[in-house]
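Student: Give me the fold of what follows.
(chains A and B)
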Amino acid sequence: MVEKILENGTPKQKEKVKEYARIAGQIRGQRQYLSELTKKAQAAAGQKNRLVYDAENGSNLPGTLKRSEGEAPTGDNTIDEAYEGTGATYDLYSDVFSRSSVDNQGLDLISTVHYLVGYDNAFWNGDQMVFGDGDENLPEAERIFNRFTIAVDIIGHELTHGVTQYEANLVYRNQSGALNESISDVFGSLVKQHVKDQTADQADWIIGAGIFSENINAIGIRSMKAPGTAYDDPLIGTDPQPDHMSDYVDTTSDNGGVHINSGIPNKAFYNVATEIGGYAWEKAGLIWYKSLCDELTQSADFQAAANATYKVAGDLYGNNSTEQKAVYNGWEKVGIIPNADTNTGCSGRILRTIRSIFGRSNS
Amino acid sequence: MDQEHFHIWLQRSGGFTGMITEIEINSKDLDTSEEEHLKTMINRSDIFNLPEPVKNSSTMPDQFQYKVSIQQDGRKRELNLDEENVPDHLRNLITYILKKGRKK
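Tutor: I've put the predicted structure just below:
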């Protein structure tokens, strides 16, 4: 279509196509630049290498380097939280899952903070994390959001989008997208629990605690323990997350409700982790991690995730083990019955075969 | 004068928070200076002439998604955009509308 417009479109249309191409090119260029940069500066696998940049309220990525691995705190909360949070995330993946950074090959952990002005968001752009300051430019009485580095699980969430990208690469739309989101919440929460040394029953299972200002009636952005209960406020409305398939939300917004329906697999993970007990990363986390790396395919839906985790629990702990039963019960409670026979389907098996031929190992 | 009235509907979804914001603006409800200011911003955004945005094959996780619909002078335009694909002048308009919606 782009070629057709360039060939036959009006001068104005041609100009606009070029503008889109320029913006897309800029972003691709930034990605390319970062890829080259990370290749050159890559720390050896097995070592963490954090780099925190400052966009200085602009949009150019990565911005100005403010803190590198091993350097002392800067005194800027946002920079130091990004540094500490990426470190905590690296440590969870390294210590618990023997994974070397986001790509399992020691990828530098790049963050950019102070992105734009009044930017109420954090995202992963394919190569790095980006964090906004929320409403910290406004008077306190007018603020809805605090800075997006304030909760370590947000940082874990964003970096886990990177891990997913290098593993199952779940398509960011509809159920596979909600699964992508849920996996980021799961491992984001595990980063927090790991830092706090909390067992499943001690954890609050809240994503983004502290992100809302005191003006808002909220405990966080999402609750994995009780999806749909994280906020209820006249200014921002009510947490829309379902906790059961019977309340699945069909929508075209938010890439098909990826941040809404993630409540269902989030609750399933919570159910499994609390039924198994102990530290959630040790068993439930490992089951989810291995499923992400070895079983799930790009288009996996909730059923495929239930099947994959059920299979992996059997592989790790034995069929009919208490762990596998916990996985079954956890999914059943949200309205999905794991099916060991179909698990992740033919494409999953083909992918695993290809991975084994090329010697890909993530454990 | 009537034909110059405009109606804007904006929805922002996605982002890490996943919260959905919807804002509707009818020029009839605005004072003259505000109406003129928004008219200028709509003109600058050139929304009626923008080609359909190219949907990226790989969406960046936690980016904002925008749906914007503008009616003016008997014309109507609806666009669905990923945050990374919003042209600068349209971004300025969206930012302004979001700020305005928040003041209410």
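
Student: hey, let's count contacts and neighbours off CA atoms from now on
Tutor: OK.

Student: So, low pLDDT: which residues of the chain?
Tutor: Since no chain was named, I'll use chain A. A:1-45, A:342-363 (pLDDT under 70).

Student: meant chain B, my bad for not saying
Tutor: B:1-3, B:56-58, B:103-104.

Student: can you give me the strands in it?
Tutor: B:6-14, B:21-26, B:64-72, B:75-82 (DSSP state E).

Student: between the last one and strand B:64-72, how big is the angle?
Tutor: Angular relation of strand B:75-82 and strand B:64-72 on a 0 to 180 degree scale: 170 degrees, by axes from the mean of the first three to the mean of the last three Cα atoms, to 10 degrees.

Student: Might you enumerate the residues of chain B proximal to chain A?
Tutor: Within chain B, the positions adjacent to chain A are B:13-18, B:49-51, B:53-54, B:58-65, B:84-85, B:87 by Cα under 8 Å from any Cα of the partner chain.

Student: Compute the number of surrounding residues for residue B:37.
Tutor: 10 (other Cα atoms under 10 Å in any protein chain shown).

Student: cool, and the one 3 residues further on?
Tutor: In terms of burial, residue B:40 registers 13 neighbours under the definition other Cα under 10 Å.

Student: Same question for residue A:75.
Tutor: 8.

Student: now swap in the one 4 residues further on and tell me
Tutor: Look at residue A:79: counted by other Cα under 10 Å, it has 24 neighbours.

Student: quick one: it and residue A:67 touch, right?
Tutor: Yes - assessed by Cα atoms under 8 Å, residue A:79 is found in contact with residue A:67 at 7.4 Å.

Student: how about the strands in the stretch 201-350 of chain A?
Tutor: Here the stretch 201-350 of chain A has its strands, by DSSP state E, counting those that start in this stretch, at A:206-207, A:222-223, A:232-233, A:237-238.

Student: Strand partners (parallel or antiparallel) of the third one?
Tutor: Just to be clear, that refers to strand A:232-233. strand A:237-238 (antiparallel) (DSSP bridges).

Student: Also the first one?
Tutor: The strands that strand A:206-207 pairs with in its sheet are strand A:222-223 (antiparallel) (by DSSP bridges).

Student: Contacts for the strand it pairs with next, please.
Tutor: A:205, A:206, A:207, A:208, A:228, A:229, A:230, A:239, A:241, A:263 (Cα atoms under 8 Å, 6 or more residues apart in numbering or on different chains).

Student: filter the residues you listed to the buried ones?
Tutor: Among these, the ones that count as buried by 16 or more other Cα atoms under 10 Å in any protein chain shown are A:205, A:206, A:207, A:208, A:228, A:229, A:230, A:239, A:241, A:263.

Student: how many neighbours does residue B:24 have?
Tutor: Neighbours of residue B:24 (other Cα under 10 Å): 15.

Student: Skipping adjacent residues, who's closest to it in space?
Tutor: residue B:9 (4.5 Å; Cα to Cα, 6 or more residues apart in numbering or on different chains).

Student: Confirm for me that that neighbour is in contact with residue B:22.
Tutor: Yes - assessed by Cα under 8 Å, residue B:9 is found in contact with residue B:22 at 7.3 Å.

Student: For the longest helix seen in chain B, name the packing helices and strands.
Tutor: If you go by DSSP state H, chain B has its longest helix at helix B:88-103. Packing partners of helix B:88-103 (3 or more Cα pairs under 8 Å, 6 or more residues apart in numbering or on different chains; DSSP states H and E): strand B:21-26, helix B:32-45.

Student: got the contact list for residue A:120?
Tutor: A:132, A:133, A:134, A:135, A:145, A:147, A:148.

Student: For chain B, what is the nearest residue in chain A?
Tutor: residue A:254 (4.4 Å; Cα to the nearest Cα).

Student: what number of residues lie near the closest residue to chain A within chain B?
Tutor: Residue of chain B nearest chain A, by Cα to the nearest Cα: residue B:14 (4.4 Å). Applying other Cα under 10 Å, we find 26 residues neighbouring residue B:14.

Student: Quickly list what residue B:21 is bridged to.
Tutor: Residues in a beta bridge with residue B:21, per DSSP bridges, are residue B:12.

Student: Is it correct that residue A:308 is in contact with residue A:295?
Tutor: Yes - in terms of Cα under 8 Å, residue A:308 counts as a neighbour of residue A:295; the distance is 6.0 Å.

Student: now residue A:184: how far from residue B:72?
Tutor: Distance, residue A:184 to residue B:72, using Cα to Cα, to the nearest Å: 42 Å.

Student: who's more crowded, these two?
Tutor: residue A:184 (26 against 18).

Student: Tell me which helix or strand the more buried one sits in.
Tutor: helix A:174-196 (DSSP states H and E).

Student: separation between residue A:164 and residue A:131?
Tutor: Following Cα to Cα, the distance that separates residue A:164 from residue A:131 is 19 Å.

Student: Between those two, point out the one with more neighbours.
Tutor: residue A:131 (28 against 22).

Student: got the contact list for the helix or strand hosting residue A:96?
Tutor: Taking DSSP H and E as the criterion, residue A:96 maps to helix A:77-97. Here helix A:77-97 makes contact (Cα under 8 Å, 6+ apart) with A:46, A:48, A:50-54, A:66-67, A:73-74, A:99-102, A:109, A:111, A:113-114, A:147, A:149-150, A:152-153, A:155-156, A:159, A:188, A:190-191, A:194-195, A:281-282, A:286, A:289, A:363.

Student: same thing with stretch A:124-142?
Tutor: So stretch A:124-142 is in contact with A:31, A:34-35, A:109-123, A:143-149, A:158-159, A:161-162, A:165, A:215, B:60-62, going by Cα under 8 Å, 6+ apart.

Student: Whichever of those end up buried, select them in PyMOL.
Tutor: If you want just the buried ones from those in PyMOL, going by 16+ other Cα under 10 Å, the selection is:
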select buried, (chain A and resi 31+34+35+109+110+111+112+113+114+115+116+117+118+119+120+121+122+123+143+144+145+146+147+148+149+158+159+161+162+165) or (chain B and resi 60+61+62)
